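S.K.: need a 3D model of the following:
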Amino acid sequence: MLEVIDRGAAGPHHRAPLLFVHGAWHGAWCWDDNFLGYFADRGYRAMAVSFRGHGASSNDKPLRSCGVADYLQDVRTVAGSLPVPPVVIGHSMGGLIVQKYLEDNPAPAAVLMASIPPQGNYGSSLRWLRSRPGQAIKMTLTGKALPYINTPELARAKFFTETTPADVVLRCAERLQEDSPRVSVDCLMLKLPRPKRVTTPVLVLGAERDAAHTCKEVRATARAYRTEAEFFAGMGHNMMLDTGWQSVAERIDGWLSALGL
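M.R.: Residues are numbered from 1 along each chain as shown. Down below sits the predicted model:
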């Protein structure tokens with residue numbers, strides 16, 4: 001059973017539902033704090049799924065054995081249950097899952113927020129190795145990353161900035177959970193997106209102070225999907241939770257409205 005948080009209802013101006021896809025160590029909760037209510041209030045049906053083994057979603061096999069194909073199937077399952085194809089919106093690792101989804105599934109539009117680029121997560125992994133080699137080695141040996149992200153100090157460094165309110169950082173840190181080491185390898189080299197197969201309009205958004213994916217990487221993602229990247233000043237990786245999240249939501253709303261969605 002997959003956890004799906006479902007807010008609002010499709011209205012006459014926004015008939016396509018929005019399906020939000022979270023990144024590593026997160027769940028549907030990261031969208032529910034701000035984004036789902038924002039879009040529901042504006043006449044959208046806004047939904048967020050938790051991947052199997054995340055949030056309140058169950059799993060029929062060990063989480064460590066889950067890969068991109070499993071998470072991709074979760075998105076397909078939810079999207080396939082809807083009366084019309086949804087707009088898919090992915091953050092970080094969820095952005096890579098959305099890219100894979102777009103290769104073979106119809107969508108009226110898609111949004112990538114601080115997404116892993118089509119070239120994979122090599123850059124982010126290398127920066128982690130260089131900045132915190134002890135952590136990177138232990139993660140490789142144990143397959144566990146949670147101990148290195150789930151304190152307020154570590155979560156702030158990874159997902160936010162020094163100006164993010166402490167309560168926002170703490171609330172996020174308390175809800176982070178372990179993720180699959182296999183999916184990390186998939187995102188590094190084995191299951192990379194093929195942008196040439198994608199015809200869906202894509203909006204690519206980046207955070208100026210993202211500790212995970214550089215502006216250069218976000219621009220490369222935009223080029224791959226034949227568009228221009230847009231950046232939000234002073235914002236950290238968790239664009240749906242950090243200070244300024246409403247500006248991100250407003251941009252997505254405006255873009256979708258311009259497309260007639």
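S.K.: can we go C-alpha only for contacts and neighbour counts from here?
M.R.: Will do.
S.K.: centroid-nearest residue for the protein?
M.R.: By Cα atoms, centre = their mean, the chain has its centre lying nearest to residue 91, at 1.7 Å.
S.K.: tell me the contacts of it?
M.R.: Contacts for residue 91 (Cα atoms under 8 Å, 6 or more residues apart in numbering) come out as 21, 22, 23, 112, 113, 114, 115.
S.K.: name the nearest residue to the last one, ignoring sequence neighbours.
M.R.: Taking Cα to Cα, 6 or more residues apart in numbering as the measure, residue 115 lies nearest to residue 92, with 3.9 Å between them; neighbours along the chain are not counted.
S.K.: quick one: the one you found from residue 40, how far?
M.R.: In this structure, residue 92 and residue 40 are 23 Å apart, going by Cα to Cα, to the nearest Å.
S.K.: do residue 254 as well
M.R.: Counting by Cα to Cα, the gap between residue 254 and residue 40 amounts to 14 Å.
S.K.: for stretch 162-173, buried residues please.
M.R.: For stretch 162-173, burial by neighbour count (16 or more other Cα atoms under 10 Å) applies to 164, 168, 169, 170, 172, 173.
S.K.: could you dump it to CSV, C-alpha only?
M.R.: Extracted as CSV, the C-alpha positions of stretch 162-173 are listed here (Å, rounded to 0.1, in the frame of the first residue of the first chain):
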residue,chain,number,x,y,z
GLU,A,162,22.2,29.1,7.9
THR,A,163,19.3,31.5,7.8
THR,A,164,16.5,28.9,7.7
PRO,A,165,14.4,29.0,10.8
ALA,A,166,15.5,26.4,13.4
ASP,A,167,12.0,25.0,13.7
VAL,A,168,11.8,24.3,10.0
VAL,A,169,15.2,22.5,10.1
LEU,A,170,14.3,20.5,13.2
ARG,A,171,10.9,19.4,11.9
CYS,A,172,12.6,18.1,8.7
ALA,A,173,15.5,16.4,10.6
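S.K.: contacts for that stretch?
M.R.: 30, 149, 150, 151, 152, 155, 156, 160, 241, 242, 243.
S.K.: now, of those residues, which are buried?
M.R.: When those are checked for burial by 16+ other Cα under 10 Å, the buried set is 30, 149, 150, 151, 152, 155, 156, 160, 241, 242, 243.
S.K.: nearest spatial neighbour of the last one, skipping sequence neighbours?
M.R.: Okay, so that is residue 243. Taking Cα to Cα, 6+ apart, and ignoring the residues beside it in sequence, residue 243 has residue 164 as its nearest neighbour in space, at 6.1 Å.
S.K.: and the one you found, that one's in a strand?
M.R.: No: according to DSSP: H, G, I helix; E, B strand; the rest coil, residue 164 belongs to no strand; its state is coil.
S.K.: and the strands in the stretch 151-261 of the chain?
M.R.: For the stretch 151-261 of the chain, applying DSSP state E, counting those that start in this stretch gives strands covering 202-207, 230-232.
S.K.: each with direction, which strands does the longest one pair with?
M.R.: Spelled out, it's strand 202-207. According to DSSP bridges, strand 202-207 forms sheet pairs with strand 110-113 (parallel), strand 230-232 (parallel).
S.K.: any idea which helix or strand comes after the first one?
M.R.: It stands for strand 110-113. Of the helices and strands lying after strand 110-113 in sequence (DSSP states H and E), the nearest is helix 122-131.
S.K.: give me the contact list for that following helix.
M.R.: Applying Cα under 8 Å, 6+ apart, the contact partners of helix 122-131 are 135, 136, 137, 188, 189, 212, 213.
S.K.: lowest-confidence one in those residues?
M.R.: When the contacts of helix 122-131 are sorted by pLDDT, the bottom entry is residue 136 at 79.
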